[in-house]
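> Got a predicted structure plus its sequence, pasted below:
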Amino acid sequence: MKIQGCEVEAIGINYKIHTQKTKHPFKIFRKSQLETKENGQEPEEKSETEQSCSGIKHVLKNVSCRAKLWEILAIVGPSGAGKSSLLEVLAGKVSPQSGTVFMNQKPVNKAQFKKLSGYVTQKDTSFPLLTVQETMMFSAKLKLKLPQQQLCCRVKSLIKDLGLDHVAGTRIGDDRVRGISGGEKRRVSIGVEVIHDPRVLILDEPTSGLDSNSALQIVDMLKVMADTKGRTIILISINLDLLGVNLRLMGLELPLHVNVVEFAIETIDAIQQQRCLVQLETPRQLQGIVQLKKGDDAEEPSKCRSGKFTLQQLFQQSKVIDEEIINAEIDFLCDFANSRLRETMILTQRFSKNIFRTKELFACRTLQMFISGLVLGSIFPNLKDDLVGARERVGLFAFILTFLLSTSIEALPIFLQEREILMKETSSGSYRVSLYAIANGLIYLPFQLILAILFSLPLYWLVGLNKNFVAYSQFLLLIWLILYTANSVVVCFSALVPNFIIGNSVIAGVIGSFFLFSGYFISNHEIPKYWIFMHYISLFKYPFEGFLINEFSNSEKCLQYIFGKCKLRGEGVLKEEGYGGESSRWKNVGIMVSFILFYRFISYVILRYRCSQRGSKSVDIM
């Protein structure tokens, strides 16, 4: 499909948000319900007091703007004026209550626009353990359908254009891992969004939090992009030195410690009285500025003819644009860049790099499992084949379950970080949420198997459990499934909870309640009927029963002798505990696999919901 270079225009944008706090602790299954008249039209305007009482705030009122090719459109205004909201409307991340966004004089198709645009958020979200070059390369692989050699050439060229040659092999870094500087991170974020050569680049406060030198480099880089690539660039929050000069020329003195933009907006009436249009010589790359006055309408440019005046007209400068370049057609990829198989392979490769470079998740976890197996084996060495030894085995199995299911929570912060990156990347159409879930599940299978081997190998033979290789294989399988079940539970709740503190509390409570109803403390015959359902959904019940069956089923060992005759064998222990025999061995394995699939599917559903809401959300203020 061919499409022309992009000119973006917004007309009559109105956007409201809820300001009342939600009572739901997780803040995910909610939509802002906006008041409408019975005929579907917008309600009449309310005063600020009425809006506050109703819990609805009118953020954008009849805002109009236009961003042209080869230009940087700057959106300025005081804090809370709705700059970021307008930016999200233009980027297609938020659906306004009324108004229309046009691309080349046609209503925007969001699916097309996200392929033709790049959206750089104020917060830099990248994998801290990947290098600059790896970050760019994975982004290129997911967004472009090009041979490997061309991908490498494009990434190297972009890194050079961004001035990141000297840190190409350096990890991004975060608070815990030393990496590149803040200005370099911002350039990486921009690079990730322009790797597919978008026609429109939207940036939310690109210089926020940077020193003056880094901010200058970012703005200069954007100027070059606009001048040489013909991109339409929209950003917010820039410094306007010439605005202060012009205000002083008009006889308006800027008070000390007052932002020049806020002062200009507050004195707009005085400016209107002096003249309708002031021609101001501005840098070539800065062609238009949209002002948003907090709580007021942003007037349309055409109202200058009736005596109205806006900051956009104050800085407007005409420019002759090459019509041939405007009408130059560009390729438009309407579907995902990769096949499902290749997309899964790319995501799996990226997951593997992050796992093996995360010391807390890989090195420390593998060491922890091996040492834990050794320590448990030394605590329960060569258990006797009697009734006392049988009870010690049951206690050992209960501890193993508690230990394995509770220690997997350490991966929660990593999953929460991945969730933010997932939502950003899927909102731009880089890959499918379903394949992300599949890749996430596949990469942890071998990792959990390694942990299971390191834990079970010393433990099983030091304790002296059922000395049979088939029995050991069954024990290893159960350990593997327990670890993977715990991982799936953490993945599920990481998709649900808003932060680590709540996630840690919720998962700990769930694991504790499952252990209580496992059948170890109280048998299923003694559990009250109104709680019996917890016994059957407990993550502890089926592996615990599997351990007991693997150890005592078909055992010829006698656990108790009375007058020289065997009175109790392993099968008797299973009956006393209320568990099935050999027939339940593979049933328990099947139910554990079902638990894994269930929690993985729920996590996918939640992530899919979150990502779909990101494209049509209504913001809530907390």
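In hand now; what should we look at? Every value quoted in this text rests on a predicted model; they were computed, and no experiment measured them.
> what about Val258, is that helix, strand or coil?
Secondary structure of Val258, reduced to three states by DSSP: H, G, I helix; E, B strand; the rest coil: coil.
> quick one: it and Thr267, what's the gap?
According to CB to CB, to the nearest Å, Val258 and Thr267 sit 11 Å apart. For glycine as for every other residue, the C-beta is placed from the backbone atoms N, C-alpha and C.
> Settle it for me: which of the two has more neighbours?
A direct count of neighbours by other CB atoms under 10 Å for Val258 and Thr267 places Thr267 higher, at 14 against 10.
> is it true that that one touches Leu252?
Yes - using CB atoms under 8 Å, Thr267 makes contact with Leu252 at a distance of 5.7 Å.
> What sits closest to the residue most central in space within the chain if chain neighbours are left out?
By CA atoms, centre = their mean, the chain has its centre lying nearest to Glu420, at 1.7 Å. Among residues not flanking Glu420 along the chain, Thr125 sits closest, at 5.1 Å (CB to CB, 6 or more residues apart in numbering).
> In which helix or strand does Ser64 reside?
Secondary-structure element containing Ser64, defined by DSSP states H and E: strand 56-67.
> cool, Tyr119 as well?
strand 117-120.
> Other residues contacting stretch 219-235?
5-8, 67-75, 87, 90, 161-163, 187, 190, 194, 197-207, 238, 283-285, 325, 328 (CB atoms under 8 Å, 6 or more residues apart in numbering).
> Mind giving me the ChimeraX command for buried ones among these?
The following ChimeraX line selects those of those that are buried, judged by 16 or more other CB atoms under 10 Å:
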select :5,6,7,8,67,68,69,70,71,72,73,74,75,87,90,161,162,187,190,194,198,199,200,201,202,203,204,205,206,207,238,285
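> need the contact list for Arg452.
You called it Arg, but residue 452 is Ala. Applying CB under 8 Å, 6+ apart, the residues contacting Ala452 are 369, 476, 479-480, 483.
> ok so, going back, among the contacts of stretch 219-235, which are located in strands?
Among the contacts of stretch 219-235, DSSP state E puts 8, 67, 72-75, 200-203 in strands.
> Let me have the residues you listed in TSV, extended by pLDDT and distance to Ala508.
Shown next, in TSV, are those (pLDDT from 0 to 100; distance: CB to CB, whole Å):
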residue	pLDDT	distance to Ala508
Val8	86	48
Ala67	87	49
Ile72	86	50
Leu73	85	49
Ala74	84	48
Ile75	83	45
Val200	87	46
Leu201	88	44
Ile202	88	41
Leu203	88	40
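> tell me which strands and helices whichever helix or strand comes after the strand holding Tyr119 is in contact with?
Using DSSP H and E, the helix or strand that follows strand 117-120 in sequence is helix 132-143. Applying 3 or more CB pairs under 8 Å, 6 or more residues apart in numbering; DSSP states H and E, one finds that helix 132-143 makes contact with helix 148-161, helix 182-194, helix 340-357.
> how does it look with 6 Å?
helix 148-161, helix 182-194 (3 or more CB pairs under 6 Å, 6 or more residues apart in numbering; DSSP states H and E).
> low pLDDT regions in the stretch 501-622 of the chain?
Applying pLDDT under 70 to the stretch 501-622 of the chain flags the ranges 555-565, 567-570, 572-573, 575-581, 614-622.
> Now do the helices in it.
Assigned by DSSP state H, counting those that start in this stretch, the helices in the stretch 501-622 of the chain fall at 532-537, 541-552, 570-577, 585-614.
> Quick one: those helices as TSV, columns for distance to Phe362 and mean neighbour count too.
TSV is the format used below for the helices of the stretch 501-622 of the chain (distance: least, CB to CB, whole Å; neighbours: other CB atoms under 10 Å):
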stretch	distance to Phe362	mean neighbour count
helix 532-537	31	13
helix 541-552	24	24
helix 570-577	37	17
helix 585-614	21	17
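> could you dump those to JSON lines with distance to Gly464?
Formatted as JSON lines, the helices of the stretch 501-622 of the chain follow (distance: least, CB to CB, whole Å):
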{"stretch": "helix 532-537", "distance to Gly464": "30"}
{"stretch": "helix 541-552", "distance to Gly464": "11"}
{"stretch": "helix 570-577", "distance to Gly464": "14"}
{"stretch": "helix 585-614", "distance to Gly464": "21"}
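> and of those, who's closest to Ala411?
helix 585-614 (12.9 Å; CB to CB).
> State the helix or strand in which the residue nearest to the centre of the chain lies.
Glu420 belongs to helix 412-427 when assigned by DSSP H and E.
> okay, the angle between that helix and helix 585-614?
50 degrees (axes from the mean of the first three to the mean of the last three CA atoms, to 10 degrees).
> Use 44 as the first number from now on
In the new numbering, first residue 44, that becomes helix 455-470.
> Counting by contacts, list what helix 455-470 packs against.
helix 512-539, helix 543-559, helix 628-657.
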